[in-house]
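Chemist: please find the sequence and the predicted model below.
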Amino acid sequence: MDLLLGIPRILQVALGIGLVIFVHEAGHFFAARLCGVRVEVFSIGFGPRIFGWRRGATLYQLAAIPFGGYVRMAGEEPPGFRDPERRAAAWELSSKSPAQRFFIYSGGVLMNVLFGLAVFPLVLIVGVPSWEPVVGRPTPGGPAWKARVEPGSRILRVNGKELFDYIYLSSAVALGGRDPVVLEYVPPAGAGAAGAPDAPGAPGAPGAGRPPEVRRIAIEPRYDEESGFYVVDLPPAHEGRIEVRGEAAGSAGLRDGDRLHDVRGGIEGLDPFEKLRWAMDDRGPLELVVERGGELVSATVEPLALPGAGAKRLGIGYVRDVVSDLRRGPLLDELDLRIGDRLLAVGGESVFGPLDFLRALVAIDGPISLRVRRGSQVVELHGPRLEREAAIALWRDVYLDKDDGHWLALVSPGSGAEAAGMRSGDHILSFDGTPVGAYLDFYEMASVSTRAGETAAISAERARAEGSEVLTFSVEPREHPTLDYGLGLPYAEYTYRAKSVPEAIAAGFDVSWRFLAEAVITLRKITSGEVRGDNLGGIIRISEFSYAWASKGWAKLFFFLCILSINLAFLNVLPIPVLDGGHLFFILIEMIKGSPVSERTLGYSQIVGLVLIVSLLVYVTYNDVMRFF
């Protein structure tokens with residue numbers, strides 16, 4: 001059924017990508033005809049013909065390999081196949097002047113740019129579904145968290161350019177490289193000078209009769225090894241609307257469009273999205289309160305184990321108890337908590353991660369006390385009594401992470417590690433006799449062992465009041481089912497629409513130029529290493545994006561096709577033999593020196609260009625395939 005429902009969208013994608021290819025080849029076709037050159041083949045795709053028809057001297061065809069298209073013109077024989085004695089006929093490409101041939105080879109690029117300039121304003125008049133440029137809660141420890149960007153803030157501009165769709169924030173940051181990212185934004189209603197947070201997703205709003213306050217801040221991005229580009233760790237806001245995506249949510253009585261109001265059993269003072277995240281981490285039932293038609297409705301969602309997704313695991317993660325970063329303030333200065341401290345306990349309660357830290361803070365009935373390991377010493381820290389709001393604010397200002405040099409085990413309830421007698425806080429020393437260093441090393445060894453179904457011998461050091469002891473455990477992997485709650489919380493969306501035709505045309509020019517400039521910057525950043533090359537994608541990635549954007553309607557799909565058209569224009573103008581840019585480059589040389597380059601030079605360059613293009617095609621296809629794994 002899902003496949004049948006997806007067929008119309010697949011057809012949309014195929015027609016859309018085919019349209020961009022057709023526009024490019026039509027540019028060459030019309031330029032050739034204007035210059036009196038006979039076109040022998042007009043092909044969408046390469047390889048064997050699927051079907052076609054002949055009209056006049058031209059064969060129009062659809063070919064089997066959908067990686068582009070081509071226009072074959074009379075007199076366009078490859079080097080080595082030309083008869084130097086034969087004089088070119090008037091309708092052949094080789095008979096035309098360098099200026100005419102330059103126009104013919106640039107026709108595809110010009111049409112791709114014109115397509116963007118013409119279609120961008122049209123879709124902006126109709127309206128493009130977009131993610132609202134409203135921020136969620138910054139990732140703790142990330143650049144936006146350090147800069148105290150308030151959740152619920154509405155971003156107006158990034159590096160001086162308007163941000164109308166949140167999805168383009170990441171590309172603006174990535175293409176800025178290591179340079180600071182300048183954000184101009186309106187904080188949420190009620191945010192004070194210290195950045196008191198409002199509910200995520202709540203847009204900044206002016207007070208009665210007051211214009212909105214616009215703040216400007218520069219954020220130093222960080223390089224993310226996993227993604228291969230610079231980030232500021234600032235997710236978009238959720239709008240609160242629930243999407244029913246599975247049986248668990250449907251059986252609980254939830255409906256599409258219900259709005260998340262609260263999660264019962266969570267820590268009061270957190271927003272509903274945080275409560276939901278922590279509740280899902282606990283892997284138990286969700287006690288939700290949703291708003292439906294102006295009324296509050298309760299629903300209990302029992303998670304379902306996904307069939308075939310019960311991989312065996314040891315049940316060992318890592319404790320996050322090391323103060324890796326702080327957002328300084330009067331309270332933290334008074335406490336004298338420092339980066340590098342290992343948080344052992346809060347108010348007498350052991351701490352194995354951020355949630356333990358928060359639970360202990362809000363449970364303290366009196367002055368707060370922290371026990372930390374600082375170097376080789378255990379230090380007691382003391383502070384004033386805190387109300388719940390202040391305790392949560394303190395928790396938000398402390399970023400806890402693992403210590404790769406001395407990480408401690410976090411044992412999952414009901415796991416094989418717990419059954420073997422391991423406890424959270426044990427320091428793992430060896431795995432099957434092999435010394436263990438960083439957690440990633442342990443994870444790789446454990447993955448190999450559990451896939452084979454083998455019992456692991458794990459040696460660990462356990463702290464005692466009078467010292468420590470080394471214990472050895474025989475840990476048998478157990479099934480750890482993947483749970484599905486059957487619900488999703490989409491990011492906040494709206495329809496971006498130009499207010500008038502002149503504004504749409506101006507915005508169309510601006511967007512076209514912006515994406516063209518970004519294509520140039522992307523190539524430069526990949527060359528310099530500031531953006532990793534495996535972020536490049538090919539036809540599979542393009543189809544994947546097209547399919548996702550087609551679900552938002554024709555306007556969103558055509559917006560993406562305009563981006564694709566602009567990028568295709570840029571790619572084709574690169575001075576690589578075989579591409580249009582290579583032909584243009586050699587014609588420019590011919591104009592300068594007054595004669596064509598030699599057949600030998602042209603022949604060797606075509607071989608090099610073909611190797612480059614095929615290598616690039618293989619590389620981006622490899623990237624596309626590896627993303628699935």
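Modeler: Nice, I can see it.
Chemist: so where's the protein uncertain?
Modeler: 1-6, 77-86, 190-210, 308-310, 525, 528-550, 613, 616-617, 619-629 (pLDDT under 70).
Chemist: what about the helices in the stretch 101-250 of the chain?
Modeler: Using DSSP state H, counting those that start in this stretch, the helices of the stretch 101-250 of the chain run over 143-146, 167-176, 247-251.
Chemist: with the stretch 251-400 of the chain instead?
Modeler: Secondary structure of the stretch 251-400 of the chain by DSSP H, counting those that start in this stretch: the helices cover 272-281, 330-335, 354-363, 388-396.
Chemist: CSV please, covering these and showing mean neighbour count.
Modeler: All C-beta atoms are positioned from the backbone trio N, CA, C, and that covers glycine. Shown next, in CSV, are the helices of the stretch 251-400 of the chain (neighbours: other CB atoms under 10 Å):
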stretch, mean neighbour count
helix 272-281, 18
helix 330-335, 14
helix 354-363, 19
helix 388-396, 18
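Chemist: minimum distance to Met422: which of these has it?
Modeler: Smallest distance to Met422 across those (CB to CB): 17.6 Å, for helix 354-363.
Chemist: now the angle from that closest one to helix 272-281?
Modeler: Using axes from the mean of the first three to the mean of the last three CA atoms, to 10 degrees, the inter-axis angle of helix 354-363 relative to helix 272-281 is 120 degrees.
Chemist: just the C-alphas of helix 354-363, formatted as CSV.
Modeler: Extracted in CSV, the C-alpha atoms of helix 354-363 (Å, rounded to 0.1, in the frame of the first residue of the first chain):
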residue,chain,number,x,y,z
PRO,A,354,22.7,14.9,33.1
LEU,A,355,19.3,13.5,34.1
ASP,A,356,20.6,12.2,37.4
PHE,A,357,22.2,15.6,38.0
LEU,A,358,18.9,17.4,37.4
ARG,A,359,16.8,15.0,39.5
ALA,A,360,19.2,15.4,42.4
LEU,A,361,19.3,19.2,42.2
VAL,A,362,15.5,19.6,42.2
ALA,A,363,15.1,17.1,45.1
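Chemist: and it, how far out from the chain middle?
Modeler: 31 Å (CA atoms, centre = their mean, to the nearest Å).
Chemist: next one: stretch 570-581
Modeler: Counting by CA atoms, centre = their mean, stretch 570-581 is centred 28 Å from the centre of its parent chain.
Chemist: what lies in contact with it?
Modeler: Residues from elsewhere that reach stretch 570-581 (CB atoms under 8 Å, 6 or more residues apart in numbering): 24, 105-106, 108-109, 112, 516, 519-520, 582, 584-586, 602, 605-606, 608-610, 612-613.
Chemist: any chance of the helices of the stretch 101-250 of the chain in CSV, plus mean neighbour count?
Modeler: Below are the helices of the stretch 101-250 of the chain laid out as CSV (neighbours: other CB under 10 Å):
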stretch, mean neighbour count
helix 143-146, 22
helix 167-176, 20
helix 247-251, 17
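Chemist: hang on, Met445 packs against Gly433?
Modeler: No: assessed by CB atoms under 8 Å, Met445 is found out of contact with Gly433, at 10.6 Å.
Chemist: so what sits against both of these two?
Modeler: Common contact partners of Met445 and Gly433 (CB under 8 Å, 6+ apart): none.
Chemist: out of the helices of the stretch 251-400 of the chain, flag the one nearest Thr472.
Modeler: When those are compared (using CB to CB), the closest one is helix 354-363, at 27.0 Å.
Chemist: just checking, what packs against the closest one?
Modeler: Other helices and strands packing on helix 354-363, by 3 or more CB pairs under 8 Å, 6 or more residues apart in numbering; DSSP states H and E, are strand 342-346, strand 349-350, helix 388-396, strand 398-401.
Chemist: dump the ones you listed into JSON lines; add distance to Asp321 as well.
Modeler: JSON lines is the format used below for the helices and strands packed on helix 354-363 (distance: least, CB to CB, whole Å):
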{"stretch": "strand 342-346", "distance to Asp321": "5"}
{"stretch": "strand 349-350", "distance to Asp321": "9"}
{"stretch": "helix 388-396", "distance to Asp321": "14"}
{"stretch": "strand 398-401", "distance to Asp321": "6"}
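Chemist: which element, helix or strand, includes Ile428?
Modeler: strand 427-431 (DSSP states H and E).
Chemist: mind exporting that strand as PDB, just the C-alpha atoms?
Modeler: Extracted in PDB, the C-alpha atoms of strand 427-431 (Å, rounded to 0.1, in the frame of the first residue of the first chain):
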ATOM      1  CA  HIS A 427      35.800   1.400  35.400                       C
ATOM      2  CA  ILE A 428      36.300  -1.100  32.600                       C
ATOM      3  CA  LEU A 429      40.000  -2.300  32.300                       C
ATOM      4  CA  SER A 430      39.900  -5.100  29.700                       C
ATOM      5  CA  PHE A 431      37.700  -7.000  27.300                       C
END
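Chemist: quick one, domains of the protein?
Modeler: Recorded structural domains for the chain (assignment: automatic domain parsing) are 2-127+537-627, 130-238+491-496, 243-302, 320-399, 407-479.
Chemist: quick check, Phe103 in contact with Ala32.
Modeler: No: using CB under 8 Å, Phe103 is not in contact with Ala32; the gap is 9.2 Å.
Chemist: of the two, which one has the most company?
Modeler: Ala32 (26 against 17; other CB atoms under 10 Å).
Chemist: mind listing what that one touches?
Modeler: Contacts here follow CB under 8 Å, 6+ apart; on that basis Ala32 touches 38-39, 71, 73, 93, 104, 107.
Chemist: so Val71, which state does it fall into?
Modeler: Of the three states, Val71 takes strand under DSSP: H, G, I helix; E, B strand; the rest coil.
Chemist: and the closest residue to it other than its chain neighbours, what is it in contact with?
Modeler: Spatial nearest neighbour of Val71, excluding adjacent residues (CB to CB, 6 or more residues apart in numbering): His28 at 4.3 Å. His28 sits next to 71, 104-105, 107-108 when contact means CB under 8 Å, 6+ apart.
Chemist: in CSV: the helices of the stretch 101-250 of the chain, plus distance to Ala506.
Modeler: Formatted as CSV, the helices of the stretch 101-250 of the chain follow (distance: least, CB to CB, whole Å):
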stretch, distance to Ala506
helix 143-146, 31
helix 167-176, 18
helix 247-251, 44
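Chemist: what's the neighbour count on Pro8?
Modeler: Per other CB under 10 Å, the neighbour tally for Pro8 reads 10.
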